[in-house]
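K.L.:
Here is my input; please provide its structure:
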Amino acid sequence: MQKDFVRSSLVIMTAFILTACARAESLPFHVLQRTVFIDLETAEDRLSGFFVISSEAEIGPRFAGYELFPGTYQILENTNFESSFLVFIRVGQIRDNGEVVGVLRKADEVIIQLRSFSIGPGNYETRGYTMPYEIVEIAKVGKWGREIGFMVQVLSDEGKGMSWQTHHFIP
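P.N.:
Purely as a prediction, here's the structure:
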């Protein structure tokens with residue numbers, strides 16, 4: 001009986017250690033659209049900079065009030081939500097731009113890597129207030145069906161920084 005208890009304790013401890021030390025897995029992703037829009041709808045969006053869409057039913061309500069390019073809704077509605085989900089991410093404001101360069105998953109956390117870049121000397125800059133965005137389709141690799149934490153990790157010449165985070169149920 002004591003051997004069974006010790007054996008069970010070792011199995012539980014090993015599972016805990018393996019889960020805690022899980023390596024980040026790279027998730028396949030594809031940028032569906034990279035362009036600019038004029039306005040943000042809610043104060044939450046202004047603070048977070050991104051949101052997750054995991055079903056077709058979330059498309060209409062989530063984008064109400066946004067000025068999106070023609071054809072954007074068709075792109076969104078053509079997504080296969082059985083095998084992927086979408087992330088709408090604000091990638092900067094003109095002068096300090098960025099682009100999604102990687103998506104990692106570690107247990108119940110997804111890290112979206114955003115590469116920050118600035119316009120270099122001798123290049124031209126458009127004056128005005130625009131907010132570039134990317135709509136990224138991320139493949140559902142592995143088991144989902146639970147609440148997942150999402151973070152944006154900004155990579156720049158100065159190093160790494162976490163900018164935004166949210167949670168969303170991914171079926």
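K.L.:
What are the boundaries of the helices in the protein?
P.N.:
2-20, 43-48, 59-63, 72-77 (DSSP state H).
K.L.:
Now the third one: buried residues?
P.N.:
This means helix 59-63. Ile59, Arg62, Phe63 (16 or more other C-beta atoms under 10 Å). The C-beta positions use only the backbone N, C-alpha and C, and glycine is treated the same way.
K.L.:
where's the second one relative to Phe51, distance?
P.N.:
It refers to Arg62. Arg62 sits at a distance of 7 Å from Phe51 (criterion: C-beta to C-beta, to the nearest Å).
K.L.:
overlap in contacts of these two?
P.N.:
By C-beta atoms under 8 Å, 6 or more residues apart in numbering, Arg62 and Phe51 have these common neighbours: Phe88.
K.L.:
Could you list the low-pLDDT ranges of the protein?
P.N.:
1-22, 36-48, 65-67, 91-98, 116-120, 123-131, 157-162 (pLDDT under 70).
K.L.:
repeat that with 80
P.N.:
Residues of the chain meeting the criterion pLDDT under 80: 1-22, 34-49, 61-70, 90-99, 115-133, 156-164.
K.L.:
Touching, Leu32 and Glu137? I think so.
P.N.:
Yes: the pair Leu32 / Glu137 is scored as a contact, 5.3 Å apart, by C-beta atoms under 8 Å.
K.L.:
More neighbours: which of the two?
P.N.:
Remark: of Leu32 and Glu137, Glu137 carries more neighbours, 22 against 16, as counted by other C-beta atoms under 10 Å.
K.L.:
residues touching the more buried one, list them.
P.N.:
Phe29, His30, Val31, Leu32, Thr79, Ser84, Phe85, Leu86.
K.L.:
Could you list everything the second one pairs with in the sheet?
P.N.:
Bridge pairing for His30 (DSSP bridges) gives the partners Glu137.
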